[in-house]
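**Q** coords below, sequence missing:
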């Protein structure tokens, strides 16, 4: 009898909910879910961050950070278009590590303290990995931008001989710029249009903090002031090309096994390229003699 009463009560509650929904024109659960996921279905990591956000904010309020670290993290997060403040980012990383440590505590009553210790170590490693992720992504962007600077300077050498308008040059170069350099050029163009061009260049130099771009920024500031910088651009282009070849050499040196395998295959093909015609010539001469 009890299951029958429970089933009847559930059906009555469902019918009452449908009646209220029809009378007051309430949105259906599917519509509410669709509106919540209007920008795509949320990943589980995003849901976890939402749950941990109060704890992260609490940690960020009592977290001491030096001015240098705050300034550097602000610049890195801005370049990666992460809306979190440095305190919130570090607080979220600590919250995830703390949650992983608490999960590991459940293994102690089960008689597996070694697994709890491993979980604590994993939590510590995840915290440091989260802190290093931003710096690694920024370094990857810097490497990509440095790889494009020789082409940018070479284009400048040809363009500035006829037209010294830097704004027009950057607007045209933006159409063919790489993925990493495009956002920086967008900010540079906006700053040039709304303010002083020299100040815009120096702001971009401060954002990137690249020695090669600092040299280019100094040259472009001279161009803006009317100084002929053609020779300086040629010298800078040569320096950047040399640095680019050095970076490629270092990259190849990190993969010696692949290089050795490719060199062996290339050497074997070169030997075959010379031996096959020689062998055919010898066979033809032997047949001509009559052996």
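**A** Noted; the coordinates are in hand. The shown structure was predicted, so the numbers you read here are calculated from the model rather than taken from an experiment.
**Q** confidence score at residue 256?
**A** Residue 256 carries a pLDDT value of 63.
**Q** Ok, residue 248 next?
**A** Looking at residue 248, the pLDDT reads 78.
**Q** check contacts around it.
**A** Shown in contact with residue 248 (C-beta atoms under 8 Å, 6 or more residues apart in numbering): no residues. (Each C-beta comes from the backbone N, C-alpha and C, glycine too.)
**Q** Show me the shaky parts of the protein.
**A** Along the chain, the model assigns pLDDT under 70 to residues 1-57, 60-61, 254-262, 288-291.
**Q** Where does the record place the domain boundaries for it?
**A** Here the domain parsing of the chain from automatic domain parsing is 41-138, 140-253.
**Q** Let me have these in TSV, extended by distance to residue 283.
**A** Below are those laid out as TSV (distance: least, C-beta to C-beta, whole Å):
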stretch	distance to residue 283
domain 41-138	59
domain 140-253	40
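**Q** out of those domains, nearest to residue 285?
**A** In terms of C-beta to C-beta, the element of the domains of the chain nearest to residue 285 is domain 140-253, at 43.4 Å.
**Q** how far is the closest one from where the chain is centred?
**A** Mean-position distance between domain 140-253 and its chain equals 20 Å (C-alpha atoms, centre = their mean, to the nearest Å).
**Q** now the helices for the stretch 1-150 of the chain?
**A** Counting by DSSP state H, counting those that start in this stretch, the stretch 1-150 of the chain has helices at residues 2-23, 29-36, 44-61, 67-79, 86-105, 113-159.
**Q** Quick one: list the elements packing against the last one.
**A** Judged by 3 or more C-beta pairs under 8 Å, 6 or more residues apart in numbering; DSSP states H and E, helix 113-159 is in contact with helix 67-79, helix 86-105, helix 166-173, helix 181-194, helix 211-224, helix 230-253.
**Q** can we see that at 7 Å?
**A** helix 67-79, helix 86-105, helix 166-173, helix 211-224, helix 230-253 (3 or more C-beta pairs under 7 Å, 6 or more residues apart in numbering; DSSP states H and E).
**Q** Need those in a markdown table (columns: distance to residue 264).
**A** Formatted as a markdown table, the helices and strands packed on helix 113-159 follow (distance: least, C-beta to C-beta, whole Å):
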| stretch | distance to residue 264 |
| --- | --- |
| helix 67-79 | 42 |
| helix 86-105 | 46 |
| helix 166-173 | 42 |
| helix 211-224 | 36 |
| helix 230-253 | 15 |
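**Q** among the ones you listed, which is nearest residue 143?
**A** When the helices and strands packed on helix 113-159 are ranked by proximity to residue 143 (C-beta to C-beta), helix 230-253 comes first, at 7.8 Å.
**Q** Can you mark which positions in the closest one are buried?
**A** Within helix 230-253, the residues scored as buried using 16 or more other C-beta atoms under 10 Å are 232-233, 236-237, 240, 243-244.
**Q** closest to residue 59 among the residues you listed?
**A** For those, the closest approach to residue 59 (C-beta to C-beta) belongs to residue 243, at 41.7 Å.
**Q** That closest one: what's it in contact with?
**A** Shown in contact with residue 243 (C-beta atoms under 7 Å, 6 or more residues apart in numbering): residue 212.
**Q** how does it look with 10 Å?
**A** Residues in contact with residue 243 (C-beta atoms under 10 Å, 6 or more residues apart in numbering) are 146-147, 149-150, 211-212.
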